[in-house]
Structure formats: structure tokens, C-alpha cells
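Participant: Have a look; sequence and predicted model below, questions after that.
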Amino acid sequence: MSISKAKRALRGDVNAGTAALEALRRARGALGRRNERARLANLNREPARLTREFANMSAADLLAHFRTRTSPQFFPGFTEIERTATLQHRVFPNETSRLIDEATAIVDRHCWSLLGFGEKCFGLPKIDWNRDPLSGFDWPRDYHADIKLIRRDGSDVRVLWELSRFAHSISLGRAYVLTNDPKFGTDFFGQLASWRAQNPVGRSVNWNCAMEVALRAMNLLAAFLLFRQAPQMNEDTLKEFLQIFDQHGGHIKRNLEFSHIATSNHYLTDVTGLLWLGLMLPELEAAREWRQFGLHELLNEMNKQVLPDGADYEASTGYHRLKVELFLYSFLLCRINNVDIGNYYWDKLHAMIDYLRVYLRPDGRAPIVGDSDSGQVFPIVKHTADDHSYILSLGAATFQERRFKTANAGINEELLWILGEQGLRDYERLTESELPTSRAFPDAGIYILRDKDLYFLFKTGGIGVNGRGSHGHNDSLSIEVSACGMPFIVDPGTYVYTADLHQRHLFRSTAYHSTVEIDEIEQNSIEEATPFIIGDEARPRMLGWESGAEADVIVAEHYGYRRLKSPIIHRRTVRFNKRKRCWVISDDLRGEGSHSFRFRFHVAPGLETNMRADGMVEVCDKMRGARLLIAAGGFTVEPELESQFSSVDYGAKEPSVSICWTAKGVAPLAASFVLVPIAKNEEEAERLHLARFQINNQQSEISNR
């Protein structure tokens, strides 16, 4: 390994003992891959390894067993099929029609929606499972560990992986139990056969990532149960299904994405897949080992990856949603099957959902802090990357927690299919809660300043994974602002990963976030060529937090610009006046030397941004009539409107603008901004007076320093 690669691999605080363990693990991993490569042909041919009891059964008896077994239990909606179908039609008539239309399009045209790219078609009569539906690149059928994932040709392995997760098989299975139309089963079994033919074990990019193998196995478990009474489920297809599950579990175990230095959502998903396979398929010889190992590691990773305040330690709300799903669905599956999960872990899960509840904006959508690839675990219904509210409904029914029942959550299909009819009843019995109030999440470095329809997110946290990063962005001391039921200032999201490294670089850059950029330098070092590596120079620190009935005040600073020739420390203070309904942001740039300072606010897409004659900036939604006034103090320069983009779903982006004030001068320098929302039909003169009064106060403060 080169010195530069070693530094990237061991970035962050790593002691000598951990580094030695990691070196040994990597050496063993290389040996394991050599052994796996030599066994590929046998791995692909070997039948499922069944326990002695089931290996001695006739094919007919084995089929009868799986068609009639009542243990282990899966989610009620997938086992109480007749009751589920009745309730689905009655409670969700519009959603049912859409589901059947979606499943019919899958059968007739092999077309369905993929991430944020909209509907894509994947080939008739057989799907080409290794062809990138965007770039057309045909991924090779080489040994999985040899395939280069970043190609710089517009191809995106994340898109191909999504296709091969087989999430759409849940839609086909649900449509089958709702209609009893055999065409859904015929197409599903045909797709599965073609996938196996094109993706022999260990050969193709669809085996490259154990996380993807685990998610595919979990989705296929659902399809297996939904189609187990279908006429296409015969002795031969059962044999193939069991072989698929055994191959997937074996591959995950051989290729665990574990590291002694840091683990992430990848390893967590790996062990979750093993837990599900082990729990739901005790007929397999390896099931007990997978179940025990998976459960032990799942809980161990919860301790490592969930911070004391309930937030995911990867500095990402998108991956927080993914992990809540992994833990919630797994805990429920264990509870159904009398596998004990201690109260300590249920309490941590409760804290994760509570964190999600508080960070949701008043419009019910999530701020997309850090990376998001729109990934879902077990997607019964497809949700955009900023839609997290369905988890609140599940959390409300699971914990009988009225705080999780909000106006934006509501009854959804996940309640029926995950928790069954009882879940719907439990949810309906709860009374609806009020919107949350201001909350601090100091471990995550997320502070939510809110009062009724007013919402302000302040990011004082680091890059995540204990300073190693991967899914964090250069967003230290950045903000989000929502008022009058809509967002005004937002985090721009992610857009894509490897399909366009330049766009990837922009979306995680300092210049794309609502913070201060100095001398066109990044807060933390990032390089376009390494899209999942980020430095840890900023190390933001919260200096003070007070929250009361009348006001909230928070102060924080970061040190990312201390590496400049003339070092600068950026300190930002936010004052939220709840009675006067406004925010005041004060930026102190402490240091020396001449610099170029850029103060930015990234406007939500679809809004109109105008420069007013009085020097203020107005952001407005003409349809709703709501506006946000921004008044700047501390310098006389006029702001510019920079053309940028925002993304709320992986692969989708919309034009947006960033309001940018550029001040060139000598440090120390201070600036301030007053943000005043104006609702439709609200008296403008009074709000304008407030903005001018606040900014004059701030200018007086600056002059007196």
C-alpha cells in the first residue's frame, strides 16, 4: 500500500494496536478472497445446505412444509394475507390502484421508478441486470472484488445496485396477493431466473458489496413469503430459492464489510441480512450461526453507531433513516419470534425516532444533512430521500408513543404490512401531538430552534464516524430555515456519487452550504477524485446554548481555516426571538491578514429571490404569498445570486440560487444577518421595521467591538 493510500485508510485517531489488528484483518481478507475465487464454480453449483431433518425430506414434503409452516413468523401483513388484502383495499383504495398499476407496468414493460431518476425500462423479454440504465455501460461479469467501481464514464454502480436489490419484487408480491393474478408470479420467477443466469455467485458487480447482497436477500425473503402459495412455486423453484438464500448468506459472511478502525451502515446492513436469513430460514444448516452472529453484531453496532442523543454517527440524516429502518424492522421481527431484545436497545431505538421527530420540518419533510442515496430497507412503499414521516407512524404504533403521531405522519401502508391490523388500531387510538419545541442534540451537533411554524437548524457537528467521515459534508455552522409552512434556506442534498465526480464534489463543498467560505478554501480538505474521503480540520465546537420561552441563543465555532497562511477562526452566534418571529445571525471571523470572505444562504428550489431597493433580499413563494426578508449588516457590498442546484432524491436535481455576499478585507471581520419571515396577508411595514431595527442594533454592536 502506498503512503498516501495508507494515510487515507488510517485517517482519524488510530492507535498502534488497532492499526495492527486492521492490518491482520486485511491480510486475512486477501487470503479469503483468493480462496473464494478458487471456489466460485462450486459455490454456484452447490445446492442449499439444509439441516439433516430437511435434507432427508422428499421434494414434495419440503414444498408442503414451506407452504404450510407457521413458524418462524414474519411481519403480520405478510402472513395474514387474506386479512391484509381486505384491509389494503378498504383503508388504502387509491394506493392499491397505484400499486396494481405499478406492478402491471413491471410485468408488461419491465419499467419502474428507480431512485430519483423517474421511470426506467430495463429490457424485454429479459432484463439486462448488468447494464447501467443511465449510461448504457455493460458491467463485466468478473470476480466481484476485481471490478473497478469509479469509472469516470457516467456509469453509476449505485443505480445498478438499486436495480438488483429486487425491491420491486415486493410490489409484485403485494399485487399478487391483492389480485390473485398469476401474471405477477410468472414475471417475478422469470426475473429471478434471468438474474441468477447473469449473476453467478461472486461474478458481477452485483456481488461486489455485501450490503447490497444483504438488502437483496431481505427483499427476496418477502417475495418468497408472498409467492409461496403461487402456482409457480413448485419443487424446482423452491429448491432454487433455498439455494439463492444459502448463497447470499454465505457470500455476506465471507465478505463482511467490517473494519477495526470504523464500521458504517454497510457492516450494519451485512449483519442485519444475516440475522434475517438466520431467523426466517432455520431449515438452512448455517441459520443458527447467522442468527446468533447477526443479532450480536447488530446490537454491538447500535452501541457504536448510535450516539447517546439518538443520532446516527455518520453525520447524515439520510443514513439515520436507513439505520432506524434496520433496527426497527429487525427488533420487530425478533419480538414476533420471541427473540429477546433488551430494554436498553429499545430505548436507544426510541431515541433515534425521537431525533427524527424533532429534525423534521413543520412541512413534515426532512433536512438532508450530509449524504443521502435515497436508500430504504425493505421498501414496501417508495419514499423520496426527504420523506421520513412514515417511520414516525411505525414508531408511534410500536412504542404507543403519542409524541410520534403528528399531523404529517398519518396512517400509511407500512403500518398494515409491518404491524398488521393491530398496528392500525394501535395507531388510531393515539391522540395527535403538537409540533416539537427547540431541542439540542449535542452529540450529533444538531440544534433545532423552533416555535410553532418557525424552524431553524444549526449544524455544529463534525464530519461523522469519529472524525473519519465518508458521508459528511463541508457544512460546519450551516443552517436551514423554514417558516409559514415551507422551507426557505435548505441544505442542497447529495445528487449523485460516482456518476459525476465534479457534481459530487460541488454538492458536498463549503460553497454549496449556508455558511462562510474564506479564500475559496474548503472547511475540511476534500478532493474530487476521492468522493468518500473528507478531512477533519474544522472540528466544530459548541460554545453556548440557551433555550427559553422567549428566545434561543447558540454560539459555536470551527477551526477549518486555521490552516490558512493567516489563520482564521469562524464563530457564529444565532439568536432566535420567538416573540418577534425572527433570527439574528452574527459571524465573527477572528484572526489576521487580508482575505476574501463569502457569506452564503442556499435558497430552496422553486422560490423567487429579489434584491430590494432598501438593500434587503427577499425570498418569496408567489403561490403561497410567504416571504423571507434577509438584511445584512457589517459591510456595504451588494449580494450576488449564484446559480446552484438542490437535490431531494438521488439522481434528481433542481435549479436553485445561493445568495452570496463577498467581502474582501482584513481580519478580524464581523457581519450580521437578520432573517424575518412574512406570512401571506401579514402586515409588511411592521416586519420591515423589525428587520431594520435588528440590523441597526447589530451594526452598533459591531462598531463597539
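Facilitator: Right, received. Where do you want to start?
Participant: which residue packs closest to the residue positioned nearest the centre of the chain, ignoring adjacent ones?
Facilitator: Most central in the chain under Cα atoms, centre = their mean is Gly318, positioned 2.2 Å from the mean C-alpha point. Closest residue to Gly318 apart from its sequence neighbours, by Cβ to Cβ, 6 or more residues apart in numbering: Ser372 at 2.6 Å. C-beta: built from backbone N, CA, C; applies to glycine.
Participant: Does the one you found touch Pro492 like I think?
Facilitator: No. Judged on Cβ atoms under 8 Å, Ser372 makes no contact with Pro492 at a distance of 11.0 Å.
Participant: related to what we said a few turns ago, output the contacting helices and strands for the one helix or strand the residue nearest to the centre of the chain maps to.
Facilitator: Assessed by DSSP states H and E, Gly318 sits inside helix 317-336. Contacts defined by 3 or more Cβ pairs under 8 Å, 6 or more residues apart in numbering; DSSP states H and E place helix 317-336 against helix 265-280, helix 287-305, helix 343-359, helix 389-399, helix 413-429.
Participant: What residues sit buried inside it?
Facilitator: 317-334, 336 (16 or more other Cβ atoms under 10 Å).
Participant: quick one, that helix and helix 389-399 angle?
Facilitator: Using axes from the mean of the first three to the mean of the last three Cα atoms, to 10 degrees, the direction of helix 317-336 lies 30 degrees away from that of helix 389-399.
Participant: tell me the mean pLDDT for helix 317-336?
Facilitator: For helix 317-336, mean pLDDT rounds to 98.
Participant: Please, where are all the helices along the stretch 101-250 of the chain?
Facilitator: If DSSP state H, counting those that start in this stretch is used as the criterion, the helices of the stretch 101-250 of the chain fall at 157-164, 168-179, 182-198, 210-226, 235-254.
Participant: Which among the ones you listed is found nearest to His296?
Facilitator: His296 sits nearest to helix 235-254 of all the helices of the stretch 101-250 of the chain, at 13.4 Å, using Cβ to Cβ.
Participant: buried sites along that closest one?
Facilitator: 237-238, 240-254.
Participant: Then stretch 228-237?
Facilitator: By neighbour count on 16+ other Cβ under 10 Å, the buried set for stretch 228-237 is 228, 230, 232-233, 237.
Participant: what about that stretch, how long is it end to end?
Facilitator: 10 Å (Cα to Cα, to the nearest Å).
Participant: before we move on, what about stretch 125-137?
Facilitator: 19 Å.
Participant: Now do the same for that stretch: mean pLDDT, whole number.
Facilitator: pLDDT averaged over stretch 125-137 gives 94.
Participant: tell me which residues of it are tucked away?
Facilitator: 127-134, 137.
Participant: Output the residues you listed as CSV; include the columns distance to Ala287.
Facilitator: Converted to CSV, the buried residues of stretch 125-137 look like this (distance: Cβ to Cβ, whole Å):
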residue, distance to Ala287
Ile127, 30
Asp128, 33
Trp129, 27
Asn130, 30
Arg131, 34
Asp132, 35
Pro133, 35
Leu134, 38
Phe137, 37
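Participant: Out of those, which comes closest to Glu638?
Facilitator: Taking Cβ to Cβ as the measure, Glu638 lies nearest Leu134 of the buried residues of stretch 125-137, at 40.4 Å.
Participant: Which residue, neighbours along the chain excluded, lies closest to the closest one?
Facilitator: Leaving out its chain neighbours, the residue that sits closest to Leu134 by Cβ to Cβ, 6+ apart is Val159, at 5.8 Å.
Participant: so that neighbour sits right up against Ala499, yeah?
Facilitator: Yes. Counting by Cβ under 8 Å, Val159 touches Ala499, with 7.4 Å between them.
Participant: Look at Thr573 and report its pLDDT.
Facilitator: pLDDT, Thr573: 98.
Participant: which ones are touching it?
Facilitator: 553-555, 585-586, 588 (Cβ atoms under 8 Å, 6 or more residues apart in numbering).
Participant: Now render these as TSV, adding neighbour count, distance to Phe601 and pLDDT.
Facilitator: Formatted as TSV, the contacts of Thr573 follow (neighbours: other Cβ atoms under 10 Å; distance: Cβ to Cβ, whole Å; pLDDT from 0 to 100):
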residue	neighbour count	distance to Phe601	pLDDT
Val553	16	20	98
Ile554	22	18	98
Val555	18	19	98
Ile585	24	9	98
Ser586	19	15	97
Asp588	21	18	97
